[in-house]
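>>> model this:
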Amino acid sequence: MSATSLFIASHQPYAGSLIISMGMMELLRSRYSRVAFFRPIIESAPDHDITFMREHFNLEQSHDSCYGFLVEEAETLISEGKTQHLIEELIRAFRALEAKHNFVLIEGLNRERFNKAIEFNINIEIAKNLRAPYLSVINGKNRSFETLLHEISIERAVIKSETLEHFAIFVNRLDAVAYEHLKELDCDAEGPLFVMKEIEELDKPTVAEVRQALGCAVLLGEESAFERIIRQSKIAAMNVEHLLERLSEGDLIITPGDRLDVILTTLSVNYAKSFPSIAGIILTGGLQPNALFLKLLGDLQLFNIPIMAASGDTYQTIMAVNAVSPTIRPGRERKIALAMGNFMNNIDIKQIDQRLNTAISNITTPAMFEYGLLERARNDKKRIVLPESSDERILRASEILLRRGAVEIILLGDPQEISHKAAVLGLDLGGALIVKPSESPLLEAYVERFYTLRKAKGLTLDAARDAMTHDTYFATMMVQEGDADGMVSGAIHTTQDTIRPALQIIKTTPDISLVSSLFFMCLQTQVLVYADCAVNQDPSAEELAQIAIASAKSAASFGIEPRIAMLSYSTGSSGKGDEVEKVRTATQIVRNQRPDLLIEGPIQYDAAVDPDVAKTKLPDSPVAGRATVFVFPDLNTGNNTYKAVQRSSGAIAIGPVLQGLRKPVNDLSRGCLVADIVNTVLITAIQAQGE
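Residues are numbered from 1 along each chain as shown. As a prediction, this is how the structure comes out:
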C-alpha cells in the first residue's frame, strides 16, 4: 500500500514551500493519473500558490476546491472554540478531492502567518486529521550549520511526539558552507534529509514583476525582455560619465522621464560588449519622451531592453521597487526552470519513491473518527427515535443532526410543547417527526404486540397498555416493529430504564446471550475500544468471553482492527488468583470459539499499549504493545479507567454503546453533552445499517 496524500509545511516565511510543492507535483504527476492540490488555509483569495499550481500544471480544479478557509475565518473559529468545526470542514473538503483523485498534495500556510494567540501548531493538527505524511521545509537563509542542526533535531522530535508519519525534511536557501556540512550528514535512520542551496535569482524580482506591482506603462521592449532578473535598483540623476562608473550587472535604472541622455547611455551600455547588462529602465515623475524619440529607439531594433513609465516621483518609485517581493508565476519559464532544476538536482528520486510507497499514516484523530461517523450515517440515512424530547440537550442535538442531513429524527412528546420549546431556544426542528404516544395510531398495535411477547411471563393486557405509556417502551417497540431503525435514551432515564425494555422486546442476538457496553476512546492520534464500562458488574469468564467477541465485532464494524487485550493485574503466567484465572479462562474460551481473532490475556494495561513494555513482558505477542480492544475484568475497573483516561488525557469518550441486541438501542450518560448525543445517534444509525 502507498501514500495517497502528502502535507508540505514550513514554520518560517520564505522557506520555499512552493518550490518543494512544484517539485513534488511534477514527480507525482509522472506516477499518478490524477493529482489534486489543496491548501487548508490561505491568506487571501485568489491565492498565489493555488493559482500557480492550477495554471502551470493544468489542474482540473476550481480555485475554490483548492482551499478550505481564509486565515481570518480559521482564527475566528478557533477563538470561538470551534476548532472541531474547522477540522471537520477541512476533512470534508479533503475527502471530496480524495474521492476524485489518486493523490492529494497539501501545502500548509507557514506558522508565522497565524495569530500568535494560537497555541498549537495548526499545520501539524490539520495533517494529523487528514492522515497525511508530513514534509517539513526549513528556511536555511543566513543560519549557521549548528543552528540548523538543532532545528532539524527539534523538528524530528516534535513530529515523532505527534505520532505523525514524517516523510522528509527539506532545508532550503543554504549558503555554500552550511550546504556542504548538511549534505554530509548520515540521516538514513531518522528519515530523508534533502538540502538545497540559495539560488540568488529566485530571490530577485523580474522586470515583469516590478511592472505588474507598480502598474507601469510599457514604452519599449519585447515581452521576453521582461523576464530579466533585477539584481539591484539604482537612481540615475547624475551626469552620464558618473553613471557609467556605477553601473552593475542586472541594474534597474530609475530616472526622471525627461533624462533622454540617461536613457540613451543606458541603452548603449546594454549593447556594448565590455559593459554590464542592464535589466531595464523606469522613467519617473509622470514624464515620458515624445513619440518621435520612442519611434527612433524602436526602429533601431538594437536595444532589447524594457523601458517603462511610472506615475510616481523618483523616490516613491524606488521605494515601491524595493518593496516588490520576488515570486514564481505561471509562464515565467526561466524562474520555473531554475527552481525545478535546483529541486531535481538535490533530491534522491528513488528515495522519494520509496517513501511514497511506504509512508502510510495510521493516525485516527477524534475529529477524523467523528467525521467518519457523520459520513457513514449520511450515506444510508436511518430513522432514530429519541424518547426524551423534554431535555434541551436532545432538542439541540436533533437540530444539529437534521441540519447535517445525517439521520431522520423521531421525537416522542407533545408536538405543541416541543415546537414551543424549540421556538424559545431558537431551534429549527421542522425536519423532525414528532409522535405523541398516547395519541398515536400505533399505540394499540404496540400494546397487543407487547402483550403477545410477554404474556408467557405473566404480563397482563392492562400492564402492557401501561408500559406503552412510558416513552422508552413505546420507542423500543417502534424499533422492534420497524417504525424506527434505532433508539437513543438515557439523558434523563437510567441505564436500566433503557436496557430493560430492549431485553424484553428486542432481545439479544442468537450467538450472544449478554448485553454489554463499550466506549470508543478517541485519543489524540488513535481510537481504542474499552469494554465493558457501563453494564455488567462482575462478569464470569464465559460472559467476559462474550464481551470480548462482541467488542471485536463492534470495533471492526467501525473500522478499527480488533486486537483484544484481556486486562488483569498480571501479565501472562506471572500472577495467580481467582481474578487472574477468570481472565485466563475467558481468553481461552475466545480462542476456542474464534481462533481468527487476535487476543492476549491476562495482560496488564501497560504491556497492552506500550511497545517497549511489551518487548519485555510478552515479546512474541501479536497483541501486546498494539492492542485496540481492551476488555476489563469488572465494571469497577472499567468505569474508573475510562473516566481516568478521559479526564487526565483529554480523550473524547463516545458511549456507552450497547452491543448484543438484535436491533440498535443505545444509552446516554445523564451528564452527557450535546456532542455526546450527536455521536451516539450517529453510532446507532451506523449499527442499524448493519442489520
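>>> just for this protein, where's the confidence low?
Under the criterion pLDDT under 70, the flagged ranges of the chain are 1-2, 117, 119, 186-189, 273, 301-303, 359-362, 691.
>>> now do the same contact list for the spatially closest residue to L70 that is not a sequence neighbour.
Leaving aside its sequence neighbours, L70 sits nearest to I42 (CB to CB, 6 or more residues apart in numbering; 6.2 Å). Using the backbone N, CA and C atoms, a C-beta is placed for each residue, glycine as well. Neighbour list for I42: D49, I50, Y67, F69, L70, V71, L109 [criterion: CB atoms under 8 Å, 6 or more residues apart in numbering].
>>> next one: L297
Here L297 is in contact with L220, I263, L267, F303, I307 (CB under 8 Å, 6+ apart).
>>> dump these to TSV, plus secondary structure, neighbour count and distance to A208.
Below are the contacts of L297 laid out as TSV (DSSP: H, G, I helix; E, B strand; the rest coil; neighbours: other CB atoms under 10 Å; distance: CB to CB, whole Å):
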residue	secondary structure	neighbour count	distance to A208
L220	strand	20	14
I263	helix	25	20
L267	helix	21	19
F303	coil	21	18
I307	strand	26	14
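>>> identify, from the residues you listed, the entry nearest to A9.
Proximity of the contacts of L297 to A9 (CB to CB) peaks at I307, which lies at 41.8 Å.
>>> wait, that closest one touches I278, no?
No - counting by CB atoms under 8 Å, I307 stays clear of I278, with 10.6 Å between them.
>>> what's the neighbour count on K455?
K455 has 13 neighbours, counted by other CB atoms under 10 Å.
>>> also T476?
The number of residues packed near T476 is 32, by other CB under 10 Å.
>>> A127 - that's part of a helix, no?
Yes - with DSSP: H, G, I helix; E, B strand; the rest coil as the criterion, A127 is part of a helix.
>>> what is the burial count for the spatially closest residue to it that is not a sequence neighbour?
Setting aside the residues directly before and after it, A127 is nearest to F7 in space (CB to CB, 6+ apart), at 4.0 Å. Neighbours of F7 under the rule other CB under 10 Å: 27.
>>> the helix or strand that contains F7 pairs with which strands?
Using DSSP states H and E, F7 falls within strand 5-10. Note on strand 5-10: by DSSP bridges, its sheet partners are strand 103-107 (parallel), strand 134-139 (parallel).
>>> immediately after that strand, which helix or strand?
helix 17-29.
>>> what packs against that next one?
Counting contacts by 3 or more CB pairs under 8 Å, 6 or more residues apart in numbering; DSSP states H and E, helix 17-29 packs against strand 5-10, strand 35-42, helix 48-56, strand 103-107, strand 134-139, strand 166-174, helix 333-345, helix 349-358.
>>> what's around T495, how many residues?
Counted with other CB under 10 Å, T495 comes out at 18.
>>> could you do L77 as well?
L77: 17 neighbours (other CB under 10 Å).
>>> can you offset everything so residue one is 186?
I'll keep to 186 as the first residue from here, and by that count the last item is L262.
>>> tally of neighbours for the residue nearest to it when sequence neighbours are not counted?
Excluding the flanking residues, the one nearest L262 by CB to CB, 6+ apart is L271, at 4.5 Å. Residues lying near L271 (other CB under 10 Å) number 25.
>>> one more: E426?
Using other CB under 10 Å, E426 has 8 other residues around it.
>>> could you do the one 4 residues further on as well?
Other residues within reach of E430, judged by other CB under 10 Å, total 7.
>>> ok, it to C857 distance?
81 Å (CB to CB, to the nearest Å).
>>> same check on L255?
Distance of L255 to C857, computed by CB to CB: 34 Å.
>>> more neighbours: these two, which one.
The neighbour count for L255 versus C857, taken as other CB under 10 Å, is higher for C857 (20 against 15).
>>> correct me, but the more buried one touches A676?
Yes - using CB under 8 Å, C857 is in contact with A676, at 5.8 Å.
>>> spit out the residues that contact these two alike.
Common neighbours of C857 and A676 (CB under 8 Å, 6+ apart) are R578.
>>> hmm, back to that, got a list of what the residue nearest to A312 touches?
I291, E292, G293, N308, I311, A312, L315, A317, P318, Y319, L320.
>>> ok, back up a step: pretty sure the residue nearest to L262 contacts I263?
Yes - assessed by CB under 8 Å, L271 is found in contact with I263 at 6.7 Å.
>>> what about stretch 831-846, start to end distance?
Stretch 831-846 stretches 27 Å from its first residue to its last (CA to CA, to the nearest Å).
>>> what is the closest residue in space to G786 that isn't next to it in sequence paired to in the beta sheet?
Nearest residue to G786, sequence neighbours excluded (CB to CB, 6+ apart): M751, at 2.6 Å. M751 has these beta-bridge partners by DSSP bridges: V816.
>>> how many neighbours does M751 have?
M751: 30 neighbours (other CB under 10 Å).
>>> ok, it to V775 distance?
For M751 relative to V775 (CB to CB), the value is 8 Å.
>>> identify the contacts common to these two.
A733, I784.
>>> follow-up on the earlier one: now the helices and strands packed on helix 202-214 in a markdown table, with distance to G875?
Formatted as a markdown table, the helices and strands packed on helix 202-214 follow (distance: least, CB to CB, whole Å):
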| stretch | distance to G875 |
| --- | --- |
| strand 190-195 | 29 |
| strand 220-227 | 32 |
| helix 233-241 | 41 |
| strand 288-292 | 30 |
| strand 319-324 | 35 |
| strand 351-359 | 36 |
| helix 518-530 | 48 |
| helix 534-543 | 33 |
